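[1] no sequence for this one, just the structure:
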């Protein structure tokens, strides 16, 4: 937040189908084809990302690969390549930092940027956005969608309104026009349970929530009602956290909510791997090492547990983090109760180049353990079923 009283101008930049877009950029033969990143046909994995060509067939993230094959038999199925995506993410963040010092990467493929004090250098918010979009396309070779508003909430909602390659600016009267018709589930803090409860009360859109009587809302939702009512009216005072000024300890996590209660251990294991891949990509982008691995599980009755385990030494090793997270899963409870949500988190992180890690990461043994090819080989040898392979080494197509 700036020291002046000028209105805030916040930008949310979201890469379009990031993993798939990088694969299409690296292999021009894939452009225009339905690319599905997650695993080859026959594997028990899930879709990490798919191109917009694949989405026309109904394919979406977190869908089982087997289902994606049925929907899109002519799709090009690839496995995740964390090193390629991490390298591109570093380049993208470097571009953002040219335009503003306050850049908060909230995922490997999206960021909030506070451009409030930088408009005098670039002109209007639209011009800043256009320059960022052009630079990303020219230097990275992929498109992104941008939302701009007076706070993070509105910017985030805006970036998703005109995908792909979109640019949406929402201020003043446009807040009600653009936000109120959106489903209430699009708001931060409105998960599946809250959304179901709200819709049962006839509150289907953000506008419905903004107009509901405050006392009625408090009776229905308790203390959470004040927070959600404010969001529904476009109120969000959270600041853009400057990644470069954060302390050397942070956590990185990814979660996924299943469409229905899941009792399939194989699918849940595959989802843990997919979430771990996303976490590792973000760790590599920020050059972080994990000291502790945590697994969050929400069961069918919405009881939620979190288990964590310290690793022997800080690591970015995909295999080690996956095995630690997988080992925390209460398998018997999964089979008997079913899982609604699963999440992987790393915490007690340290920077790879911190003083107490320099010797460790200069050793030949460490270099070998960090080699992605070795990690993938060990995963395939141990778990089989082509659970993961290096993207680009094999393109698997299933043709009619």
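    Perfect, I can see it now. Not measured: the values here are computed from a predicted model. Residues are numbered from 1 along each chain as shown.

[2] Check the offset of whichever strand or helix holds residue 207 from the chain's centre.
    Here residue 207 sits within helix 206-211, counting by DSSP states H and E. Computed by C-alpha atoms, centre = their mean, to the nearest Å, the chain-centroid distance of helix 206-211 equals 27 Å.

[3] what comes up buried for that helix?
    Of the residues in helix 206-211, 206, 207, 208, 209, 210 count as buried by neighbour count, 16 or more other C-beta atoms under 10 Å. Bear in mind the C-beta positions are built from the backbone N, C-alpha and C, glycine included.

[4] Then stretch 57-74?
    Buried positions in stretch 57-74, judged by neighbour count with 16+ other C-beta under 10 Å: 57, 59, 61, 62, 63, 64, 65, 68, 69, 71, 72.

[5] For the third one, report the pLDDT, please.
    Going back to what we said before, that points to residue 61. pLDDT, residue 61: 87.

[6] Quick check on it: phi, psi?
    Per-residue torsions, residue 61: phi -60, psi 150 (degrees, to the nearest 10).

[7] For burial, what's the neighbour tally of the residue lying closest to it once chain neighbours are set aside?
    Nearest residue to residue 61, sequence neighbours excluded (C-beta to C-beta, 6 or more residues apart in numbering): residue 47, at 5.5 Å. For residue 47, the neighbour count with other C-beta atoms under 10 Å is 24.

[8] just the one 3 residues further on next, same as before
    Close neighbours of residue 50, defined as other C-beta under 10 Å, add up to 26.

[9] Is it bridged to anything, and to what?
    Beta bridges link residue 50 to residue 36 when assigned by DSSP bridges.

[10] Residue 181: which of the buried residues of helix 206-211 is nearest?
    residue 207 (6.5 Å; C-beta to C-beta).

[11] related to what we said a few turns ago, out of the buried residues of stretch 57-74, who's nearest residue 37?
    Closest to residue 37, out of all of the buried residues of stretch 57-74 and judged by C-beta to C-beta, is residue 61, at 9.4 Å.

[12] Residue 49 is in contact with that closest one, correct?
    Yes. Between residue 61 and residue 49 there is a contact at 6.1 Å, judged by C-beta atoms under 8 Å.

[13] List of residues touching stretch 274-282?
    38, 45-46, 48, 62, 80, 82, 85-86, 89, 105, 107-108, 252-256, 288, 316, 318, 321-322, 325, 342-346, 388 (C-beta atoms under 8 Å, 6 or more residues apart in numbering).

[14] chain center to it, what's the gap?
    So, by C-alpha atoms, centre = their mean, the centroid of stretch 274-282 is 9 Å from its chain's centroid.

[15] Kindly report the same for stretch 231-244.
    18 Å.

[16] For it, which residues meet the burial criterion?
    Within stretch 231-244, the residues scored as buried using 16+ other C-beta under 10 Å are 231, 232, 233, 234, 236, 239, 240, 241, 243.

[17] Likewise for stretch 157-175?
    157, 158, 159, 161, 164, 166, 167, 168, 169, 170, 175.

[18] How about stretch 132-152?
    For stretch 132-152, burial by neighbour count (16+ other C-beta under 10 Å) applies to 132-133, 135-136, 140, 142-152.

[19] Over to stretch 174-186?
    175, 178, 179, 180, 184, 185.

[20] In helices, which of these appear?
    Within those, residues falling in helices by DSSP state H are 175, 178, 179.

[21] Between those residues, which sits nearest residue 126?
    residue 178 (15.4 Å).

[22] if I pick the closest one, what's in contact with it?
    157, 158, 161, 168, 170.

[23] Mind checking which of those residues are in helices?
    157, 158.

[24] And for residue 56, the neighbour number?
    Residue 56: 11 neighbours (other C-beta under 10 Å).

[25] Give the full set of residues in contact with it.
    residue 34.

[26] got the contact list for the most centrally placed residue in the chain?
    Nearest to the mean C-alpha position of the chain, counting by C-alpha atoms, centre = their mean, stands residue 107 at 4.8 Å. Residue 107 sits next to 254, 278, 282 when contact means C-beta under 8 Å, 6+ apart.

[27] for residue 307, same thing?
    294, 295, 297, 328, 330.

[28] try 7 Å
    Counting by C-beta atoms under 7 Å, 6 or more residues apart in numbering, residue 307 touches 294, 295, 328.

[29] Check the gap between the second one and residue 67 for me.
    What it means is residue 295. Applying C-beta to C-beta, to the nearest Å, the value for residue 295 to residue 67 is 24 Å.

[30] Where do the domain boundaries of this protein fall?
    Domain assignment for the chain by automatic domain parsing gives 1-172, 182-232, 248-371+378-383.

[31] deepest of these, which one?
    Among the domains of the chain, domain 1-172 has the highest mean neighbour count (mean count of other C-beta atoms under 10 Å), at a mean of 20.

[32] For it, what is the distance to the chain centroid?
    10 Å.

[33] again with stretch 294-313
    With C-alpha atoms, centre = their mean, you get 19 Å for stretch 294-313.

[34] Compute the first-to-last residue distance for that stretch.
    Its start and end residues considered, stretch 294-313 measures 15 Å (C-alpha to C-alpha, to the nearest Å).

[35] try stretch 168-178
    OK, stretch 168-178 end separation, C-alpha to C-alpha: 10 Å.

[36] who's in contact with residue 291?
    Residue 291 touches 310, 311, 314, 348, 349, 350, counting by C-beta under 7 Å, 6+ apart.

[37] run the last query once more with 10 Å
    249, 310, 311, 312, 313, 314, 315, 346, 347, 348, 349, 350 (C-beta atoms under 10 Å, 6 or more residues apart in numbering).

[38] Next: residue 35.
    Neighbouring residues of residue 35 by C-beta under 10 Å, 6+ apart: 17, 19-24, 27, 49-54, 59, 72, 75-78, 395.

[39] for the stretch 101-250 of the chain, what spans make up the helices?
    119-122, 125-140, 152-159, 174-179, 192-200, 206-211, 214-221, 224-232 (DSSP state H, counting those that start in this stretch).
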